[in-house]
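Student: with the input below, show me the fold.
(one chain, ligands or ions: 2)
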Amino acid sequence: MRILVTGGAGFIGSHLCERLLGEGHDVICLDNFFTGSKRNIAGLLDHRSFELIRHDVTQPILLEVDRIYNLACPASPIHYQYNPVKTTKTSVMGAINMLGLAKRVRARILQASTSEVYGDPQVHPQTEGYWGNVNPLGVRSCYDEGKRVAETLMMDYHRQNKVDIRIVRIFNTYGPKMAENDGRVVSNFILQALKGEDITVYGQGEQTRSFCFVTDLVEGLARMMSCPDFIGPVNLGNPCETTILEFAQKIIALTGSRSRIVHKPLPADDPKQRQPDISLAKEKLGWEPKIPVEDGLKKTIEYFDGILSLG
Ligand code: NAD
Ligand code: UDP
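Tutor: Ligands and ions are numbered 1, 2, ... in the order given. As a prediction, the model looks like this:
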């Protein structure tokens, strides 16, 4: 098949492109390189089935494709808050443009949605039936509400125009190729530990997250895309929940670092708890994460160690 991956030069997108090429597909990677990088796809550029297009999803584009993975959108809070108006445009205009393309060429389209659609959740763990607790006015709203509108657009194009859609709600994902400057907790803690710098825990570190290794996540995306009769939304994530303080301690132990833990102010609207209920993914896709967090973290630490040694 000919498959379009928007945001294909980003962290998750580049792993997905690699996997799809490995399965023998033709892959078109579309990216504006806001948070993605050529380094992420450097190993793919010479592949005869790989094409790279520098393009912004807020602008329409016509391509002949069979499948679309719509991943284009900055994912880390500091990057999506850098230009919040652009973030909303990317989610909303990007979804409209990609859905318009899917409708025109009759492609199946998968939207990378997020656990942020649940906001600061009052239901724990989060199930797909939960409508969420999102602040529409806060600093995270550009991302949360943009992704919620993208889900609405997916459903409306499906009902109104019979577009073949899939919606996945991705929970915190980590692994090699995360941008080292993206301010997310995994890259921050690992880099701080490797450099012997203070580890910055925001607040008391009692807030929880559940971390999924990127290859597990990509397996879930591929299964959802090929699932014949289930449009979602479906949660994809690792239910293994940890407090951020415990997570910092784990990274110190795994790196053997002498870094100290310091506390910094908790950012506004930081969700207090997050854990996916993945019963639906298990039932409909036969999917669950396989990589234990320690193994995934070791691979990620190795990756960042390599980046640091490049200087
Ligand atoms: P990332 O920032 O590494 O990748 C996003 C990619 O989209 C980058 O390559 C970026 O340059 C590109 N992009 C951004 N705006 C664009 C635009 N207007 N036009 C074209 N390209 C654009 O982030 P990621 O972690 O790989 O996330 C990929 C997708 O998965 C995002 O949609 C994100 O919302 C979603 N997601 C990720 C996580 C996670 O934990 N990583 C969790 C939930 C949802
Ligand atoms: N966090 C932290 N120190 C950091 C970066 C993040 O304590 O240096 C916390 C952050 O406040 C949040 C959690 O780690 O509670 C996950 O943050 P991240 O930005 O990775 O993702 P998100 O908040 O979108 O889940």
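Student: which SS class is the nearest residue to Gly43 once chain neighbours are set aside?
Tutor: Excluding the flanking residues, the one nearest Gly43 by Cβ to Cβ, 6 or more residues apart in numbering is Glu18, at 7.5 Å. In this view, the C-beta of every residue, glycine as well, is placed from N, C-alpha and C. Here Glu18 is recorded as helix under DSSP: H, G, I helix; E, B strand; the rest coil.
Student: Glu18: neighbouring residues, count only.
Tutor: Glu18: 20 surrounding residues under other Cβ atoms under 10 Å.
Student: so what's it scoring on pLDDT?
Tutor: Looking at Glu18, its pLDDT stands at 98.
Student: I'd assumed Leu45 was in contact with it.
Tutor: No - using Cβ atoms under 8 Å, Glu18 is not in contact with Leu45; the gap is 11.9 Å.
Student: just the endpoints, please. Distance across stretch 198-209?
Tutor: Length of stretch 198-209, first residue to last, Cα to Cα, to the nearest Å: 21 Å.
Student: name all residues that make contact with the residue of the stretch 1-150 of the chain found nearest ligand 2.
Tutor: Residue nearest to ligand 2 within the stretch 1-150 of the chain (Cβ to the nearest ligand atom): Pro77, separated by 4.8 Å. Each residue near Pro77 by Cβ atoms under 8 Å, 6 or more residues apart in numbering is listed here: Arg140, Tyr143, Gly183, Arg184, Pro267.
Student: among those residues, which are in helices?
Tutor: Among the contacts of Pro77, DSSP state H puts Tyr143 in helices.
Student: so which of the contacts of Pro77 belong to strands?
Tutor: If you go by DSSP state E, the contacts of Pro77 have nothing in strands.
Student: burial measure for the residue nearest to Phe230 when sequence neighbours are not counted, as a count.
Tutor: Among residues not flanking Phe230 along the chain, Lys284 sits closest, at 4.7 Å (Cβ to Cβ, 6+ apart). Counted with other Cβ under 10 Å, the burial measure for Lys284 works out to 15 neighbours.
Student: same deal with Val262?
Tutor: Val262 has 12 neighbours, counted by other Cβ under 10 Å.
Student: what separates the residue nearest to it when sequence neighbours are not counted from Asn188, distance-wise?
Tutor: Once flanking residues are discounted, Val262 sits nearest to Asp198: 4.4 Å by Cβ to Cβ, 6+ apart. Distance, Asp198 to Asn188, using Cβ to Cβ, to the nearest Å: 11 Å.
Student: those two: which is more packed in?
Tutor: Asn188 (21 against 14).
Student: before we move on, back to that, so how far is Phe213 from the residue of the stretch 1-150 of the chain closest to ligand 2?
Tutor: 21 Å.
Student: same check, this time on Lys290
Tutor: 8 Å.
Student: now Lys162
Tutor: Distance from Lys162 to Phe213, by Cβ to Cβ: 36 Å.
Student: in terms of neighbours, single out the busier of those two.
Tutor: Shown here are Lys162 and Phe213; by other Cβ under 10 Å, Phe213 has more neighbours (23 against 10).
Student: so who does the more buried one touch?
Tutor: Residues counted as contacts of Phe213 (Cβ under 8 Å, 6+ apart) are Thr173, Tyr174, Gly175, Asn238, Pro289, Ile291, Val293, Asp295, Gly296, Lys299.
Student: now it: phi and psi?
Tutor: Note on Phe213: backbone dihedrals following degrees, to the nearest 10 are phi -70, psi 140.
Student: bridging residues for it?
Tutor: Tyr174 (DSSP bridges).
Student: drop anything exposed from the contacts of Pro77.
Tutor: Buried subset of the contacts of Pro77 (neighbour count, 16 or more other Cβ atoms under 10 Å): Arg140, Tyr143, Arg184.
Student: also near ligand 2: which of the residues you listed, exactly?
Tutor: Residues of those in contact with ligand 2 (Cβ under 6 Å from any ligand atom): Arg184.
Student: which of the buried ones among the contacts of Pro77 sits closest to Pro271?
Tutor: Arg140 (8.7 Å; Cβ to Cβ).
Student: tell me the confidence at the residue nearest to the closest one when sequence neighbours are not counted?
Tutor: Distances taken as Cβ to Cβ, 6+ apart put Asp269 closest to Arg140, at 4.9 Å, once the chain neighbours are dropped. Per-residue confidence (pLDDT) for Asp269: 95.
Student: helix or strand for Asp269, which one?
Tutor: Under the criterion DSSP states H and E, no helix or strand holds Asp269.
Student: that one reaches Leu137, doesn't it?
Tutor: No - if you go by Cβ under 8 Å, Asp269 and Leu137 don't touch, sitting 9.5 Å apart.
Student: the two: which has the busier surroundings?
Tutor: Asp269 (17 against 8).
Student: how much space separates that one from ligand 2?
Tutor: Distance, Asp269 to ligand 2, by Cβ to the nearest ligand atom, to the nearest Å: 9 Å.
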